[in-house]
Structure formats: C-alpha cells, structure tokens
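J.: generate coordinates for the sequence data below:
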Amino acid sequence: MKYIFKRALQARDLLEEIIKYFEGQDLMENDKVSSENSDVSDNIYPDFETDMEGNILQPEGIDPDFIIDIIEQRKKSAHGGVLYESARAEKEGEKQMPTLKEGSITKRKDGRWMGRYQDQGFQKSVYANNRIDIINKVNECIIERDRRIDNERNGTVKKMALSDFIDIWFDEWILAKSRSKPLSNNTIQNVKFSLIKYIRDSKIAKKSISKISDFDIDLMIDDIPTKSMQARTYGYLKAVFDKAIMKKIIKESPFKFVEKRARPARKRKYIPDTQTMHEFLEWLKIEATDCYYIGKFIIGSGMRMGEVLALTWDDIDFDNKRASVNKAFSQADNAVVDHPKTEAGFRNTPLFDEALEVLNEIPVNKKTKEIFWMLSKRHISHKFPEKALKYGLPRLPIHNLRHYYASLCAAMGVDKKTYSLWMGHSDIIQTDDYTHNLSEFEQDQINKMAKKRIKKQ
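T.: Have a look, this model is predicted:
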C-alpha cells in the first residue's frame, strides 16, 4: 500500500512538471508573436559590429539582455546549446541578479529556463521565461519546502516527552565525556541515579518538554528528599534544557526562572586522634578481622578502598616498601577494573609500618593473588562504619581513614604536594624540576612519616 501511495505521489509530481512545461511553452509562443510584430530582425544570431578594441556595439532597437543571451549561447555552443548558471549573484549593467539559494538553473535549447531543487529526496523542476524569474521561482519553492519541513519537525519535537529527551541527552553526554577518557560505570550510575531516577518517577516525566514550566521543575525538585541530591538533579536537568535550546527544540529554558539549588555546606568529617584510632583498631582485631585489616592498611598507605581491594601480591615491592596502584575494585561493576579513579591514581605509593604489619599478618590464599581475598567487597564499606558506631565512635565511613592519613602527613610536616601525590589526587600538577628531584626529596618526606608510628599500648 505504501509503495502504491509513493508511486501516486511521483505521478502527481510528474504531471505538475508537464503542466508547467506547457505553461512555459505558451509563454514562449506569446513572446514569439510579440517579436514577430516588432522591428527586430528574426535572425537570432545577427553579426554585430565591433569597435577598435573588439567590443561589441549594441545595435539600435535590440534589448541589451537579448544581446547578452546571444553572446552566451555562442560562447557555450560546445555544450549543445544548454547553458548552466551557478548559484551566485551577477550584475548586468546596473541590475543586481538575485542569488540562487540552492539547486541549479538551466537555459534550454528552446530558450526557456528550468530550475531544479531537492525536496525530501525527490528532484523537483520549475520553469520560467527568463533568468531572474527562474531564480526567484526556485528560491520561493525552497523557502516553502523549508517552512513545511520545519512545521512537520516542530510538530513532532514539541510532542517529545521530557524522559525521552533525557535519554537522548544522556547518550550524547556519555559519548562526549568518553572522548577524553573512558567513563567508569560508577560515574555513569551516579548520573543515572541523580538525574534519571527522580525524574522518571515524577509527574513531568511524560510531559512534553516544550510545555514544562519553572513551576513544574520547582515542584519536582522539592520532592527530592535531600538537599545535596536536589542540587545534583538541578545541575544535570539544567544541562538537559540547555541542550534542548541548542537543538532548537525549545526557544527558552524554564530554568531561567527556577530557583537554584546549591549544595549544602559539607559537614566536618569526624577524624579520630591517633590514640583513639589505635584503641579502635585493637578492638576491631577481635571484633571484625576484615575491618581491622583494611582499616589499618589504609591509614598506613593512604590508598582508596577500591584500590586496596584490588591489590595483588605482585603489586607489592617489599624491598622498597611500596605498592603499585594500577587497578581498582568498582562497586558499580562489582568487579576489578584496570584503571584507578583518576589518571593520577596510577602511582607507586610508599607503605608505612601499619600497612606492612597488615601484609605480614594477613593469611595468604594460594588459590588467588588477591591480598584481601577474605573481605566481602560489596559489604565492607557498610560494615566498617557500623562497627565504629558499635564501638562508640561518631559515624566513621571507611573513606575518612584517608583524611586521617592526610592529617597525619600534615602534622608531621610532610610537603602537601608530596602526600597528595601519594594519595593519587588528580589536581596536583608536577613540574619537570619537581619530577627530577622527586626521588631524593620524597625519601626525606618518607623519613618524616616513619618517625611517627602509632604507639601500641
């Protein structure tokens, strides 16, 4: 049925072209009758007189445009009498020729002009009696075609639901971010959680993106339970509407009138003193051995939990007391990935006494190279703070142990750039001079840390 309909449309277009063709023939016949009644000679190739420099002298009683047409026909006779005009403006005397927007115009052997242009994959033709008229006629057809296509497109786009456009934005966001470095599944899941989860459950998810108001967005964000998640959702959703403007789906973003959600001030993290930390670790050694191993190793290395969980015995250099950080366990993927959190995460970090003691105490499993094989990688991050609360400490996420390590480095006078490097921070820029002198300088910093060990009671 679709094929028959398509062929019918093609037949209609062909019929319209034939009608236009014969309408053009009628115009030419009228022009011919007019020319027969005039004083101009019937010879369309008269011999023109020229001046001393070879310029053609215009005969009396002949229109200048007629002479130019004859000259062009003579110059291009090698092309079978068919003349082609490019889409550029030309001047004839003092008259500015219109500019052809696209397509082409052709002067036929019979003297008429034909214009061609594309309309959604089909070639269309129009006819006129002179060059100016054919250019204007083609341009009018192109303007009408574009207006019709825009109206059809806008009718479809304006009906697009917000959730559908978020999917488009999300795919393009991943592609753009991945051009510089691979995105971790954890990062992707964080964006999905803060942007897609709350919006898909909201009333505006299926609403047309062009009909969403600032009031709709305010209500949706206010329903999100935490201030920090409100701020994250605000930022990502604003980016979605900014993209919609770039794609000309909407003319103005409702976020222009939406109250900005700022991230709440970060709460001061609880960091225990060295004595409290020592006593807590001794209690963990009996209460939860797995928490004891990972907790003590982190405060002796400054490594991230995912980096520790991915360590294998071949990553350890016992002679130089260092660990090669080259992979990490991803909670989102539930697997070890072959890259740390950032490019700066690839490093050789020093191991201090607490970390080395763990390596000497922890049982070795000959079936695997993993050092922390006995830990439940999915649950250790929840178990550790639960044990801290049971012991009587304020909330102590396992990540806070990195802050403890950094505080200990600062207290011992270690250079900030050095211990930031040890921790794998990505915002530290090393100069060539710093890199060259790092070995000797870093050893001096390690010696400072070695002087400060957690005293055992």
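J.: which residues are in contact with Ser406?
T.: Small correction: residue 406 is Ala, not Ser. Gly302, Tyr419, Met423 (CB atoms under 8 Å, 6 or more residues apart in numbering). Just so you know, the C-beta spots here come from the backbone N, C-alpha and C atoms, and that holds for glycine as well.
J.: doesn't it fall inside a strand?
T.: No: using DSSP: H, G, I helix; E, B strand; the rest coil, the assignment for Ala406 is helix, not a strand.
J.: circling back to that earlier point, between the contacts of Ala406, which is closest to Leu389?
T.: Gly302 (24.1 Å; CB to CB).
J.: what's the pLDDT at the closest one?
T.: Reading off the confidence values, Gly302 has pLDDT 91.
J.: check contacts around the closest residue in space to it that isn't next to it in sequence.
T.: Once flanking residues are discounted, Gly302 sits nearest to Tyr405: 4.1 Å by CB to CB, 6 or more residues apart in numbering. Taking CB under 8 Å, 6+ apart, we find Tyr405 in contact with Ile298, Ile299, Gly300, Ser301, Gly302, Tyr419, Met423.
J.: now these as CSV including secondary structure, distance to Lys256 and neighbour count?
T.: CSV is the format used below for those (DSSP: H, G, I helix; E, B strand; the rest coil; distance: CB to CB, whole Å; neighbours: other CB atoms under 10 Å):
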residue, secondary structure, distance to Lys256, neighbour count
Ile298, helix, 46, 25
Ile299, helix, 49, 21
Gly300, coil, 52, 24
Ser301, coil, 49, 27
Gly302, coil, 45, 26
Tyr419, helix, 44, 23
Met423, helix, 41, 21
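J.: same list (the contacts of Ala406) but as TSV, adding distance to Ile249.
T.: What follows is those, written out as TSV (distance: CB to CB, whole Å):
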residue	distance to Ile249
Gly302	47
Tyr419	48
Met423	44
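J.: ok, so of those, who is nearest Met160?
T.: Met423 (45.1 Å).
J.: wait, Glu102 touches Gly115, no?
T.: No: here Glu102 lies out of contact with Gly115, judged by CB atoms under 8 Å, at a distance of 10.4 Å.
J.: any shared contact partners between the two?
T.: Common neighbours of Glu102 and Gly115 (CB under 8 Å, 6+ apart) do not exist.
J.: quick one: terminal-to-terminal distance for stretch 315-323?
T.: 6 Å (CA to CA, to the nearest Å).
J.: quick check: Arg268 vs Arg402, distance?
T.: As judged by CB to CB, to the nearest Å, Arg268 and Arg402 stand 15 Å apart.
J.: more neighbours: which of those two?
T.: Arg402 (19 against 6; other CB atoms under 10 Å).
J.: for this protein, give me the ranges with low pLDDT.
T.: Residues of the chain that meet the criterion pLDDT under 70 lie in 1-11, 13-95, 120-121, 149, 151-158, 180-182, 332, 339-345, 426-457.
J.: which of the three states applies to Val414?
T.: Val414 is classified as coil under three-state DSSP.
J.: that one: how many residues sit nearby?
T.: Val414 has 22 nearby residues by other CB under 10 Å.
J.: what about Leu162, how many neighbours?
T.: 25.
J.: isn't it right next to Lys211, touching?
T.: No: contact criterion CB under 8 Å: Leu162 and Lys211 do not qualify, at 9.4 Å.
J.: from the contacts of Tyr405, pick the one nearest Pro394.
T.: Ile299 (17.2 Å).
J.: what's the distance between the closest one and Leu281?
T.: On the measure of CB to CB, Ile299 and Leu281 end up 8 Å apart.
J.: could you chop the protein up by domain?
T.: 2-38+76-157, 162-257, 274-450 (automatic domain parsing).
J.: turn those domains into CSV, columns for distance to Arg263.
T.: What follows is these, written out as CSV (distance: least, CB to CB, whole Å):
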stretch, distance to Arg263
domain 2-38+76-157, 33
domain 162-257, 4
domain 274-450, 18
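J.: tell me what the host helix or strand of Gly295 is packed against?
T.: According to DSSP states H and E, Gly295 maps onto helix 289-299. Helix 289-299 is packed against helix 274-287, helix 305-309, helix 353-361, helix 380-391, helix 400-411, with contacts defined by 3 or more CB pairs under 8 Å, 6 or more residues apart in numbering; DSSP states H and E.
J.: tell me which of those lies nearest to Ser324.
T.: Here helix 305-309 is closest among the helices and strands packed on helix 289-299 (CB to CB), at 10.4 Å.
J.: which parts of the closest one are buried?
T.: By neighbour count on 16 or more other CB atoms under 10 Å, the buried set for helix 305-309 is Met305, Gly306, Glu307, Val308, Leu309.
J.: of these, closest to Val414?
T.: Glu307 (19.9 Å).
J.: hang on, the closest one packs against Ser324?
T.: No: using CB under 8 Å, Glu307 is not in contact with Ser324; the gap is 10.4 Å.
J.: show me the strands in the stretch 51-200 of the chain, by range?
T.: 83-85, 91-92, 95-96, 104-107, 113-119, 122-128 (DSSP state E, counting those that start in this stretch).
J.: compile those strands into a markdown table and extend it with columns for distance to Asp150 and mean neighbour count.
T.: Below are these laid out as a markdown table (distance: least, CB to CB, whole Å; neighbours: other CB atoms under 10 Å):
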| stretch | distance to Asp150 | mean neighbour count |
| --- | --- | --- |
| strand 83-85 | 28 | 16 |
| strand 91-92 | 33 | 10 |
| strand 95-96 | 28 | 10 |
| strand 104-107 | 24 | 18 |
| strand 113-119 | 14 | 18 |
| strand 122-128 | 18 | 17 |
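J.: which among those strands is found nearest to Lys192?
T.: strand 113-119 (41.2 Å).
J.: and that closest one, C-alpha only, in PDB?
T.: The C-alpha trace of strand 113-119 is given here as PDB (Å, rounded to 0.1, in the frame of the first residue of the first chain):
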ATOM      1  CA  TRP A 113      14.800  28.400 -18.200                       C
ATOM      2  CA  MET A 114      14.400  25.400 -16.000                       C
ATOM      3  CA  GLY A 115      15.200  25.300 -12.200                       C
ATOM      4  CA  ARG A 116      15.800  22.200 -10.200                       C
ATOM      5  CA  TYR A 117      16.000  21.500  -6.400                       C
ATOM      6  CA  GLN A 118      15.700  18.600  -4.000                       C
ATOM      7  CA  ASP A 119      12.600  18.100  -1.800                       C
END
